[in-house]
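**Q** Sequence plus predicted model, see below.
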Amino acid sequence: MNILAIESSCDETAVAIVRDGREVLTDCIASQVALHREYGGVVPEIASRKHIEAIYPLADQALKEAGLTRTDIDAVAVTYAPGLIGAVLVGVNFAKAAAMALKKPLIPVHHIRGHIAANYLAYPELEPPFLCLVVSGGHTMIIEVKDYTDMRILGTTLDDAAGECFDKVGRVLGMPYPGGAALDKAAQQGDETKYPLPVAKSGENPYNMSFSGLKTATLNLIHHAQQVGEELDIPSLCASFTAAVSETLVPRVVRALEETGYRKVAVAGGVAANSRIRHDILEAAKKLDAEVYMPPLKLCGDNGAMIGSQAYYEYLAGNVADMSLNAYATKSILGETV
C-alpha cells in the first residue's frame with residue numbers, strides 16, 4: 001500500500017511516500033529554518049505562507065523521486081493535529097483535495113503518533129507493546145504504546161516542553177535557531193557541575209515532569225551575569241542545563257520500565273537527537289537489560305515518512321476521515337481535543 005503523506009505542522013513542509021508502513025520510497029522536506037532564524041523562532045504567518053508555496057511542487061517531487069505516478073497512490077495521509085493552526089490547515093486542505101481528486105482514502109494522523117512511528121522505519125523488528133519517551137519542541141511525555149493505535153499517557157510535562165526550553169535558552173545565549181543543536185555541541189565541551197540548576201521533584205503522578213523552573217533559573221542566571229558584567233562559561237552552563245533536563249527525563253523512564261515490566265523503550269521527537277539524553281537513556285536501559293530504540297537523527301525532526309508509517313496502521317484500524325476533517329492546534333494523542 002503506497003501512502004502519500006503530508007506533514008506541515010510547524011516550519012517544515014514534508015511530503016513522503018511510504019509503502020506498507022515500513023518502507024520509505026521517498027521523503028522530501030522543504031525546511032524554513034534559515035528563514036525563521038533571523039526572528040529567533042518560528043513566525044506562524046510566514047510559516048503558513050511558505051507551506052502554501054512549497055507543498056504542491058514537493059508532492060510532484062516526491063512522486064518523481066519514487067518513480068511513481070498519481071495512479072500508484074493508494075491513500076493520502078496528513079498531520080491534522082497538533083501544531084500551528086495555519087500551518088496544519090495548509091497540509092489538511094491539500095491532503096483533502098488530493099484524496100478527493102485521486103478518489104483515495106484520507107487518513108488523519110496525530111503528529112506525536114507520527115514521531116513514535118519514526119522508530120518503525122528505523123527498526124523493522126520493533127512492534128508494540130513498548131514504552132516511548134517523546135521529547136520535542138511542543139511536547140514531552142512518557143507513553144505506553146499498547147498497540148499501533150492504542151496508547152496510554154503515563155506522564156507529561158505540566159508546563160513547558162523540553163524542546164521549547166532548549167530553544168529559549170539557546171536564543172538568550174545568542175545561539176542560532178533552533179538552539180538545541182548548538183547547545184548540545186557546546187555542552188559536550190563543558191563541566192556540568194559548574195552551575196547547579198534545579199530538577200523538578202515528582203508530584204502526585206510520579207511520571208509527570210516540569211521544566212518551567214529549570215528554564216527560569218537558567219535564564220535568571222544568564223541575565224544576572226549580563227547585568228553585573230560576569231563572564232559566563234557557556235559550555236559549562238549548557239552542560240549543566242542539559243544534565244538537568246536529562247535528570248528530569250531518564251529516572252522517570254527507568255521507573256516506568258520497572259513498574260510496567262516492559263523491556264523495550266523507544267525515544268521520539270526532535271530532542272531525541274540530543275547526545276546527552278541519548279547516552280543517559282542507553283546507560284540506564286543497559287542496567288535493566290532493556291532494549292532501546294532511537295531513530296537516526298534525520299527521523300528525529302519533523303518529516304513526512306513518520307506520518308506515512310503511522311498512517312498505515314491507522315488505516316488498518318479503520319481510522320479514515322471524510323472531507324469534513326479539520327485541523328487542530330491542540331489535541332491529545334488519545335484523540336480528545338484539549
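**A** Nice, I can see it. Model, not experiment: these values are computed from the prediction.

**Q** Now for residue 186: which residues touch it?
**A** 175, 234, 235, 238, 239 (C-beta atoms under 8 Å, 6 or more residues apart in numbering). For every residue, glycine as well, the C-beta is placed using N, CA and C.

**Q** quick one: which of these is most hemmed in?
**A** When neighbours are taken as other C-beta atoms under 10 Å, the top entry among those is residue 238 (30 neighbours).

**Q** What is the helix or strand containing that one packed up against?
**A** Residue 238 belongs to helix 234-260 when assigned by DSSP states H and E. Applying 3 or more C-beta pairs under 8 Å, 6 or more residues apart in numbering; DSSP states H and E, we find helix 234-260 packed against strand 130-135, strand 140-147, strand 150-156, helix 162-172, helix 179-187, helix 212-228, strand 264-268, helix 275-287.

**Q** Okay, buried residues for it please.
**A** Neighbour counts using 16 or more other C-beta atoms under 10 Å place 234-250, 252-257 of helix 234-260 among the buried residues.

**Q** Next: stretch 110-122.
**A** Applying 16+ other C-beta under 10 Å to stretch 110-122 flags 110-122 as buried.

**Q** out of those, which one sits closest to residue 324?
**A** Ranked by distance to residue 324 (C-beta to C-beta), the buried residues of stretch 110-122 are led by residue 110 at 17.4 Å.

**Q** and residue 196, which of the helices and strands packed on helix 234-260 is closest to it?
**A** Comparing the helices and strands packed on helix 234-260 by C-beta to C-beta, helix 212-228 comes nearest, at 9.3 Å.

**Q** Output the contacting helices and strands for the closest one.
**A** Applying 3+ C-beta pairs under 8 Å, 6+ apart, one finds that helix 212-228 contacts helix 162-172, helix 234-260.

**Q** the inter-axis angle of it versus helix 162-172?
**A** 0 degrees (axes from the mean of the first three to the mean of the last three C-alpha atoms, to 10 degrees).

**Q** Show me what the mean pLDDT comes to for helix 212-228.
**A** Mean per-residue pLDDT for helix 212-228: 96.

**Q** Next, the angle from that helix to helix 234-260.
**A** 170 degrees.

**Q** Residues contacting the lowest-mean-pLDDT helix or strand in the chain, please?
**A** Within the chain, no helix or strand scores below helix 33-37, which has a mean of 85 by mean pLDDT, DSSP states H and E. Residues from elsewhere that reach helix 33-37 (C-beta under 8 Å, 6+ apart): 11, 42, 43, 46, 47, 50, 176, 177, 178.

**Q** residues touching the nearest residue to the first one once chain neighbours are set aside, list them.
**A** When the adjacent residues along the chain are set aside, residue 11 lies closest to residue 32, with 4.2 Å between them (C-beta to C-beta, 6 or more residues apart in numbering). If a contact means C-beta under 8 Å, 6+ apart, then residue 32 has 11, 12, 13, 42, 46, 47, 50 as its contacts.

**Q** measure residue 32 to residue 269 for me?
**A** Relative to residue 269, residue 32 is positioned 19 Å away (C-beta to C-beta, to the nearest Å).

**Q** surely residue 29 meets residue 305?
**A** No. Between residue 29 and residue 305 there is no contact under C-beta atoms under 8 Å: 9.4 Å.

**Q** the more surrounded of these two?
**A** residue 305 (29 against 18).

**Q** Test for you: state the pLDDT assigned to that one.
**A** The per-residue pLDDT of residue 305 was computed as 98.

**Q** Which secondary structure elements does the helix or strand that contains it sit against?
**A** Taking DSSP H and E as the definition, residue 305 sits inside helix 304-316. When contacts are defined as 3+ C-beta pairs under 8 Å, 6+ apart, helix 304-316 sits against strand 2-7, strand 12-19, strand 23-31, strand 75-81, strand 106-110, helix 111-122.

**Q** Tell me if I'm right that residue 8 and residue 85 touch.
**A** No. Assessed by C-beta under 8 Å, residue 8 is found out of contact with residue 85, at 11.2 Å.

**Q** Counting neighbours, go ahead and name the busier of those two.
**A** residue 8 (36 against 16).

**Q** in stretch 261-277, what's buried?
**A** Within stretch 261-277, the residues that count as buried by 16+ other C-beta under 10 Å are 262, 264-274, 276-277.

**Q** which non-adjacent residue is nearest residue 150?
**A** residue 128 (7.9 Å).

**Q** follow-up on the earlier one: by neighbours, which of the contacts of helix 33-37 wins?
**A** In these, the most neighbours by other C-beta under 10 Å go to residue 11, 26 neighbours.

**Q** phi, psi of it?
**A** For residue 11, the backbone dihedrals (degrees, to the nearest 10) come out as phi -120, psi 20.

**Q** Return the residues in contact with it.
**A** Contacts of residue 11 (C-beta under 8 Å, 6+ apart): 31, 32, 33, 35, 36, 42, 47, 50, 87.

**Q** I'd like those residues laid out as a markdown table, including distance to residue 318.
**A** As requested, those are arranged in a markdown table below (distance: C-beta to C-beta, whole Å):
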| residue | distance to residue 318 |
| --- | --- |
| 31 | 34 |
| 32 | 35 |
| 33 | 37 |
| 35 | 39 |
| 36 | 38 |
| 42 | 34 |
| 47 | 32 |
| 50 | 34 |
| 87 | 28 |
